[in-house]
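# make a model of this:
(one chain, ligands or ions: 1)
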Amino acid sequence: MKLLDALKWRYAVKKMNGTKIPADKLDNILEATRLAPSAFGLTPYSIIVVEDEETRKKLQPAFYNQSQVVDGSAVIVFAAWTSVTEKEVAEYMADIAEQRGVPVESLNDFAGYINGSLKNLTPEQATVWAAKQAYIALGFSLVAAAAEEVDATPMEGFVPSAVDEVLGLKELGLTSAVALTLGYRDAANDYLVNAKKVRRVNEKLIIKK
Ligand SMILES: Cc1cc2nc3c(=O)[nH]c(=O)nc-3n(C[C@H](O)[C@H](O)[C@H](O)COP(=O)(O)O)c2cc1C
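Got it, this is the predicted structure:
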């Protein structure tokens with residue numbers, strides 16, 4: 001499917017049919033998600049992939065019992081770092097050095113620039129900043145899922161502290177920012193399956209100067 005056709009095909013599915021996504025499709029969606037850009041390239045979040053049915057059942061109440069959590073095939077939780085310190089920046093520099101084959105010392109200015117930009121953020125501000133980066137990854141997942149003809153429902157309708165508890169995110173220095181369920185639409189039972197897509201009209205949405 002062409003990209004625009006795929007984006008018109010996708011919608012936020014309310015009722016999924018329990019069919020499992022093939023592993024290669026899930027891998028492709030995750031790889032596209034990994035390729036999302038982030039500020040400085042720091043990627044201040046982790047992507048938690050929950051396919052296990054028992055864990056999804058435990059998550060469902062934290063998602064206000066939204067059915068897609070269990071009727072889908074996977075729940076992806078985009079979990080923001082709860083603090084961003086020089087340690088994480090140093091780890092990122094080590095990754096660049098290794099993956100680009102450059103001496104880590106050659107990255108000192110870059111590291112200093114990142115640390116200087118982030119040092120005045122409170123932990124709360126750092127988490128909000130990290131969550132913004134995570135939302136870009138969510139966007140990439142949504143587009144990639146559509147390209148793979150896999151249905152996806154983005155979700156903010158959950159209690160972050162409850163999701164964090166089920167997944168043990170606090171211990172990992174993470175907190176849930178936004179989520180996505182992946183699966184296949186239950187066309188016979190989803191009231192939105194044939195609903196016309198509503199978006200603000202171009203004249204209001206796109207302001208040309
Ligand atoms: C960040 C975000 C959070 C959302 N949270 C939920 C949610 O918790 N449950 C749900 O069913 N839909 C959720 N939606 C789906 C939106 O309602 C939907 O994307 C929007 O109405 C546009 O419709 P479409 O995606 O079907 O084109 C969310 C969408 C976004 C982008």
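
# which residue does the protein bring closest to the ligand?
residue 157 (2.7 Å; C-beta to the nearest ligand atom). Yep, even glycine has a C-beta here, placed from its N, CA and C like the rest.

# nearest spatial neighbour of that residue, chain-adjacent residues omitted?
residue 64 (5.5 Å; C-beta to C-beta, 6 or more residues apart in numbering).

# the lengthiest strand in the chain pairs with which strands?
Ranked by number of residues, the top strand in the chain under DSSP state E is strand 174-183. Strand pairing for strand 174-183, using DSSP bridges, gives strand 74-81 (antiparallel), strand 151-155 (antiparallel).

# leaving out chain neighbours, which residue sits closest to residue 177?
The shortest distance from residue 177 to any non-neighbouring residue, by C-beta to C-beta, 6+ apart, is to residue 131 (3.8 Å).

# my guess is that neighbour contacts residue 77. True?
No: taking contacts as C-beta atoms under 8 Å, residue 131 lies outside contact range of residue 77: 11.9 Å.

# mind listing what the spatially most central residue of the chain touches?
Residue closest to the mean C-alpha point of the chain, counted by C-alpha atoms, centre = their mean, is residue 138 at 3.4 Å. By C-beta atoms under 8 Å, 6 or more residues apart in numbering, the contact set of residue 138 is 78, 154, 178, 180.
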